[in-house]
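Trainee: Test case, fold it:
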Amino acid sequence: MADDDDKPKKHTIESLFRIYCNHKVIGSDLENQEYHSILLSQLDCWLEQAKLMPVPITRTQTGLIYMRYKKWRLEYEDFLEVLQILCSESDLNYEEMKETLVLAGAPTGATEIVVVK
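Mentor: Just a heads-up that it's a prediction; the model follows:
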């Protein structure tokens, strides 16, 4: 069983969601805050890394869908609904899209910072 501990762990859509929720965020008054919900900019960053943006999905499209929720951040269940809507609007397969997001992995090389107040 020791060999299993040495293997890199594979991400899931949920584990990557948690990583992206805390990507590129500087809390203005909250230090060491961990977020469990995602910003629109973080979602767009993930879609870009997965090479799903700007084609077949656009920032305008994600923005319009995101605004339907009338929240600053979306919880995991809302995030999955957004993916389903994006798939139906863009004629993409939902399961394949989730797999593409998992294969994109954790965020890399980002320099943009989001300040949360």
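Trainee: My understanding was that residue 92 contacts residue 86; is that so?
Mentor: Yes - using CB atoms under 8 Å, residue 92 is in contact with residue 86, at 7.1 Å. For glycine as for every other residue, the C-beta is placed from the backbone atoms N, C-alpha and C.
Trainee: out of those two, which sits in the busier spot?
Mentor: In this view residue 92 and residue 86 are compared by other CB atoms under 10 Å, and residue 86 has more residues nearby, 22 against 16.
Trainee: so who does the nearest residue to the more buried one once chain neighbours are set aside touch?
Mentor: Leaving aside its sequence neighbours, residue 86 sits nearest to residue 57 (CB to CB, 6 or more residues apart in numbering; 5.7 Å). Contact partners of residue 57, counting by CB atoms under 8 Å, 6 or more residues apart in numbering, are 47, 86, 90.
Trainee: Quick check: pLDDT value at the second one.
Mentor: With respect to pLDDT, residue 86 scores 97.
Trainee: No more questions from me, cheers.
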